[in-house]
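*Asks:* pasting the sequence and the predicted model now:
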Amino acid sequence: MKSVQATTSTLRARLPKLNFLVLSPGIFNLRGRDDTEEGIDRRLGLHYYARWKFIHDLLPVLQNATDAGEDAKVMSVLAPGTGRPVDLDDLGLKKSYTLPKAGMTSPTYTDLMMESYAEQSPGTAFIHIYPGHVRTPLLRTSHPILRILNPLTHVLTYPLTITPEYCAENMFYALVHSEPGASRRDPQADDMGKTRYHGGAEERARVWEHTKEEIERALATPFSGST
């Protein structure tokens, strides 16, 4: 979170206004909970908390674009429609963490985050979009033995994936054509509405307060200089 804060401080000092903010940090591995020295799981940190912090810090320059009569749009590339109900007794998955839970928690938190920001900044578009299964080197392995399976993996996954170019076209379309407010978009950039949506007013408020507290706690953690 300190790295995010340093980045956003630099951007605010350089940019008088910001029209488009696209967020897609992530991680793919099979590890269990893996906390940084700030006490935030790396997976949840990249998929959710860091994005929340980026938006929070850059809202003033996004608002400057809106005030100038220009577009102001935020896109979080993740996975709407793949979430799970919010466990209000285990926000942040501190009590019970599994890879499936972590994978399904971030999309739900993101839906709620975008709705909260849309309430605060009604002139800005907040888009949560699912890119689909994109044909990238993500599933390739560099393991000296297992990498002989890379060609087979490519053949098996090819019919189930889309090209990066096709994905980019859909992401760009959603970014350009989304109106102010919160929206959830599928891989074809179509508005999903509330399809497979989990949450409500209570969940939205509780997740927001949890996130603020978690990030404030992380920022107050002394920096040791280790990775």
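*Replies:* All right, it came through fine. Just so it is clear, the model here is predicted, and its values are computed rather than measured.

*Asks:* next, the buried residues of stretch 201-215.
*Replies:* By neighbour count with 16 or more other C-beta atoms under 10 Å, stretch 201-215 contains the buried residues 203-204, 207-208, 211, 214-215. The C-beta positions use only the backbone N, C-alpha and C, and glycine is treated the same way.

*Asks:* L91 touches H210, doesn't it?
*Replies:* Yes - contact between L91 and H210 holds when scored by C-beta atoms under 8 Å: they sit 4.1 Å apart.

*Asks:* just the strands from the chain, written as ranges.
*Replies:* Counting by DSSP state E, the segments of the chain that form strands are 20-23, 73-77, 125-129, 181-185.

*Asks:* rebuild those strands as TSV, extending it with mean pLDDT and distance to G199.
*Replies:* Supplementary listing: these in TSV, determined by pLDDT from 0 to 100; distance: least, C-beta to C-beta, whole Å:
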stretch	mean pLDDT	distance to G199
strand 20-23	98	20
strand 73-77	98	15
strand 125-129	98	12
strand 181-185	98	11
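
*Asks:* so where is the chain shaky, pLDDT-wise?
*Replies:* Applying pLDDT under 70 to the chain flags the ranges 137-150, 152-158, 160, 224-227.

*Asks:* state which helix of it is the longest.
*Replies:* In the chain, with assignment by DSSP state H, the single longest helix is helix 99-120.

*Asks:* how far is it from where the chain is centred?
*Replies:* Here helix 99-120 shows a centroid-to-chain-centroid distance of 8 Å under the convention C-alpha atoms, centre = their mean, to the nearest Å.

*Asks:* ok, L112 - contacts?
*Replies:* Contacts here follow C-beta atoms under 8 Å, 6 or more residues apart in numbering; on that basis L112 touches 86, 199, 203-204, 207-208.

*Asks:* against G200, how distant is it?
*Replies:* Noted for L112: a distance of 9 Å to G200, by C-beta to C-beta, to the nearest Å.

*Asks:* could you do K17 as well?
*Replies:* 34 Å.

*Asks:* please identify which of those two sits among more neighbours.
*Replies:* Ranked by neighbour count (other C-beta atoms under 10 Å), K17 and G200 place K17 first, with 15 against 10.
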